[in-house]
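Asks: 3D model of this:
(one chain, ligands or ions: 1)
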Amino acid sequence: MTYLQTFQQYEQELARPEELRYVFRYARHLSYTDLIMMLNSEITPADAAFLAEIAKRLLADEPAQYIVGETEFYGLTVNVDARALIPRPETEELVALILAENNGRDSLKVLDIGTGTGVIALSLAKKQPTWQVTATDISSEALDLARENTAKNGIANLTFQVSDVFDNLSGKYDIIISNPPYIADFEAADMAKNVLDYEPHLALFAENDGFAIYQKIAEKSAKFLSQTGKIYLEIGYLQGARVRQIFKEQLPEKRIRVLKDLSGKDRMIAID
Ligand SMILES: C[S@@+](CC[C@H](N)C(=O)[O-])C[C@H]1O[C@@H](n2cnc3c(N)ncnc32)[C@H](O)[C@@H]1O
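Replies: Numbers count the residues shown, from 1 in each chain. Below is the predicted model:
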């Protein structure tokens, strides 16, 4: 049997067939061209066994990134596993927005609430070496993973703190960022199995119909924000109006913008 026949046999059964070749290529360090070149050759017994194992895990809806153990985010390679949410491309847009709007501002104190794998904090700290970035999470397991990713990417201007939103923090920040859990419990019924069965629910769901962490951030943000401080948030695409209102009540003097992602959906809030 050839590689191509083996791939095709499993791909028929998979909900996301493209993931099989992606995981195989990544694990075997192959380029697209390398894979194309081998498709018509006889599969080795070791690769046949390896593909069977990958296909089994994908059929059980395990996310491809968890099988590979790594993913790419804003030019960084980070470890991913069940301790934290798999970073999403929309979050890269939040990072790009923050960098574009704060270009040329040196020595800022930056706080990333709910850092997960650490990707927002890591990307900002790498692009802006004069910024001092604090990354927090309520999950110490997620912070362990974020620390691994900091070492993996050789980034120094980053510190970590276990905290329920602001509970273990002090001082003022020039930029506060969060991509918090924002899914309401009732939405679970409509969620894909690869998300619901594998990613940490602490990273996905929040009380008060998904708004609880925004409310917590808003209530204390005046205390933790420097005078000209800014807040950047990722939101669910239907949450813009409500999150704007939550922050308007606490920070009435600030400008609040609801911004769209590349697919035209409300995805970010910028407060300055
Ligand atoms: C949606 S994930 C975002 C992870 C990462 N920032 C990203 O964008 O990929 C939300 C993160 O918030 C953390 N979290 C949940 N509740 C929290 C709380 N009350 N205080 C701080 N972090 C919290 C979760 O553990 C999770 O890592």
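
Asks: Show me what counts as buried in the helix or strand where Val195 lies.
Replies: In the assignment (DSSP states H and E), Val195 maps to helix 193-196. Neighbour-count burial for helix 193-196, counted by 16 or more other Cβ atoms under 10 Å, picks out Asn194, Val195, Leu196. No exception for glycine: its C-beta is placed from N, CA and C like everyone else's.

Asks: Including distance to the ligand, could the residues you listed go into JSON lines?
Replies: Rendered in JSON lines, the data for those read as follows (distance: Cβ to the nearest ligand atom, whole Å):
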{"residue": "Asn194", "distance to the ligand": "16"}
{"residue": "Val195", "distance to the ligand": "11"}
{"residue": "Leu196", "distance to the ligand": "14"}
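
Asks: can I get the CA coordinates of the helix holding Val195 in CSV?
Replies: Taking C-alpha atoms only, helix 193-196 is exported to CSV below (Å, rounded to 0.1, in the frame of the first residue of the first chain):
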residue,chain,number,x,y,z
LYS,A,193,-16.5,18.0,20.2
ASN,A,194,-12.8,18.7,19.6
VAL,A,195,-13.2,21.9,21.6
LEU,A,196,-15.6,20.8,24.3
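
Asks: what about it, distance to the chain center?
Replies: 15 Å (Cα atoms, centre = their mean, to the nearest Å).

Asks: neighbouring contacts of that helix?
Replies: Arg16, Asp61, Glu62, Pro63, Ala188, Leu204 (Cβ atoms under 8 Å, 6 or more residues apart in numbering).

Asks: any idea what sits nearest the third one, other than its immediate chain neighbours?
Replies: I take that to be Glu62. Tyr198 (5.9 Å; Cβ to Cβ, 6 or more residues apart in numbering).

Asks: got a list of what the one you found touches?
Replies: Asp61, Glu62, Pro63, Tyr66, Ala82.

Asks: just Thr130 next, same as before
Replies: Asp106, Ser107, Leu108, Asn157.

Asks: sec struct for the first one, please.
Replies: Translated: Asp106. Following DSSP: H, G, I helix; E, B strand; the rest coil, Asp106 is assigned to coil.

Asks: Give me the spatial nearest neighbour of it, chain neighbours excluded.
Replies: Leaving aside its sequence neighbours, Asp106 sits nearest to Thr130 (Cβ to Cβ, 6+ apart; 4.4 Å).

Asks: Could you do Ile269 as well?
Replies: Using Cβ to Cβ, 6+ apart, the closest residue to Ile269 is Leu233 (4.4 Å).

Asks: and what of Phe247?
Replies: Using Cβ to Cβ, 6+ apart, the nearest residue to Phe247 is Ala218, at 5.0 Å.

Asks: try Tyr22
Replies: In space, Tyr22 is closest to Ala64, 5.8 Å off (Cβ to Cβ, 6+ apart).

Asks: what's around the one you found, how many residues?
Replies: The number of residues packed around Ala64, counting by other Cβ atoms under 10 Å, is 19.

Asks: SS state for the spatially most central residue of the chain?
Replies: Geometric centre of the chain, nearest residue: Pro87, 2.5 Å, by Cα atoms, centre = their mean. State at Pro87, reduced to three classes by three-state DSSP: coil.

Asks: where does it fall, phi/psi-wise?
Replies: Recorded main-chain torsions at Pro87 are phi -60, psi 140, according to degrees, to the nearest 10.
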